[in-house]
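Structure of the sequence below:
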Amino acid sequence: MIRAGRRHLVCTLADIAAQQGVAVQTLLNSGRLRAEGFPAPLNAGRTRLYDGEQVDAYLAGRPVPALPAEDADDDLLDRQEAAALREIDPQAWDYRKKDPVVREHMVLVGGVEHWPRHVVRDHTPTPRRASKPRSPASGGRPAGAGDQVPRDLLPARVGQLLDADPALTAAGVTDQLGVHRNTAQAALTQCRAERMADVMEQRGLTAAQAAAALGYPAGLTRRASTRAEAVLRGRQAGPYLADIARVLHARGWTTTDTPPAVQHPADDECVAALILDSLEAPAAALVWSERHGWRTSTSRRHPLSRSAAWPSSGPGVRRLATGITLAPADVVGAREATV
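The predicted structure follows:
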């Protein structure tokens with residue numbers, strides 16, 4: 001939990017990584033978070049939160065200060081802690097938090113929902129009114145209804161649901177978060193795949209073994225298994241793409257050397273786009289595919305194109321090379337040869 005008066009000190013993994021000048025995945029791979037004496041997370045959810053004062057002290061080599069031990073009315077509790085205080089299942093708290101009296105006190109800290117202890121402790125559930133029966137043909141959200149959870153918060157929310165129920169389905173996500181069924185399925189598949197890839201990478205397991213280790217039912221992980229394998233391949237391609245980004249920056253075609261994020265337009269596919277934002281750049285962007293190699297793009301906003309990550313050659317679109325790990329200097333040379 002977040003003790004009263006310490007909300008402003010909370011930091012995320014991204015904050016700690018930025019403080020160290022490394023990527024989040026590099027921080028995770030370093031094992032520093034598991035080192036003896038490193039401060040424990042404030043919560044048990046997928047999105048880990050830390051007390052910044054404790055982290056700063058550890059990184060500076062100072063004694064890590066203890067957190068207040070006494071409970072206070074203004075302590076902030078996350079979903080699991082709120083449910084534990086009321087001695088109910090987390091799913092039952094998901095219904096209680098919709099009550100306006102509870103909802104108006106919800107605060108987001110590091111992307112994680114929290115409620116003051118006194119609100120959780122003193123809340124009296126409103127009697128549920130009988131609802132009108134639905135017609136057999138109706139189901140899910142009303143037609144035309146918008147998603148109730150912002151897209152940037154959806155992964156963390158789905159992760160919390162998956163923490164509580166490894167057998168979570170897309171229908172369950174839709175019911176609890178009020179998002180479209182397709183949105184729910186995509187977020188759930190991605191969340192499972194990322195977690196499975198973590199286990200595969202750390203323990204050398206297959207996708208099926210990782211799913212079993214996480215408690216995911218085999219019948220719900222077919223797509224996630226394919227995506228997890230692609231996620232792992234994308235991580236392995238990260239150093240190569242980072243080298244390409246540095247060379248393009250040195251050539252003067254990009255204003256930063258930030259490596260591109262690997263994307264998965266299809267569950268079994270890895271692609272990445274490098275935006276060439278310099279005035280000297282000979283194209284709007286370069287696109288990499290683990291299947292096809294490199295090509296140019298005419299769009300900085302949609303470099304992968306809306307229809308296909310690898311469209312046919314045409315005006316402004318040139319295939320540069322077929323090697324998926326072509327040397328950085330060769331990528332630059334191939335582009336210059338087409339100018």
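
excluding its backbone neighbours, what's nearest P39?
Using Cβ to Cβ, 6 or more residues apart in numbering and skipping the chain neighbours, the partner closest in space to P39 is Q54 (3.8 Å). From N, CA and C alone the C-beta is placed, and that goes for glycine too.

Tell me how far the one you found lies from A17.
16 Å (Cβ to Cβ, to the nearest Å).

higher neighbour count, these two?
Counted by other Cβ atoms under 10 Å, Q54 and A17 do not tie: Q54 has more neighbours, with 20 against 17.

contacting residues around the more buried one?
Q54 sits next to 39, 64-65, 67 when contact means Cβ atoms under 8 Å, 6 or more residues apart in numbering.

What about R203, how many residues nearby?
R203 has 10 nearby residues by other Cβ under 10 Å.

sorry, back to before: now the element after the host helix or strand of the residue nearest to P39, going C-ward?
With elements taken from DSSP states H and E, the one containing Q54 is helix 52-59. Downstream of helix 52-59, the first helix or strand assigned by DSSP H and E is strand 76-77.

can you list contacts of that next one?
1-2, 4, 7, 85, 107, 109, 114-117, 120.

With pLDDT, distance to Y95 and neighbour count as extra columns, can I get those residues in a markdown table?
Below are the contacts of strand 76-77 laid out as a markdown table (pLDDT from 0 to 100; distance: Cβ to Cβ, whole Å; neighbours: other Cβ atoms under 10 Å):
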| residue | pLDDT | distance to Y95 | neighbour count |
| --- | --- | --- | --- |
| M1 | 91 | 21 | 20 |
| I2 | 93 | 23 | 25 |
| A4 | 91 | 26 | 16 |
| R7 | 91 | 26 | 14 |
| L85 | 90 | 16 | 17 |
| V107 | 88 | 19 | 12 |
| V109 | 88 | 22 | 18 |
| H114 | 92 | 18 | 26 |
| W115 | 92 | 14 | 25 |
| P116 | 93 | 19 | 20 |
| R117 | 93 | 19 | 21 |
| V120 | 92 | 14 | 23 |
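
Mind checking which of those are in helices?
Within the contacts of strand 76-77, residues falling in helices by DSSP state H are 85, 117, 120.

ok, back up a step: and the helix holding Q54, how far from the chain's centre?
Chain-centre distance of helix 52-59: 25 Å, with Cα atoms, centre = their mean, to the nearest Å.

average pLDDT across it?
Per-residue pLDDT values over helix 52-59 give a mean of 91.

Identify each buried residue in the longest helix anywhere in the chain, please.
Longest helix in the chain by number of residues, with DSSP H as the criterion: helix 222-251. Going by neighbour count (16 or more other Cβ atoms under 10 Å), the buried part of helix 222-251 is 223-235, 237-238, 240-245, 247-249, 251.

Please apply the same query to stretch 44-58.
Residues of stretch 44-58 classed as buried by neighbour count (16+ other Cβ under 10 Å): 45-56, 58.
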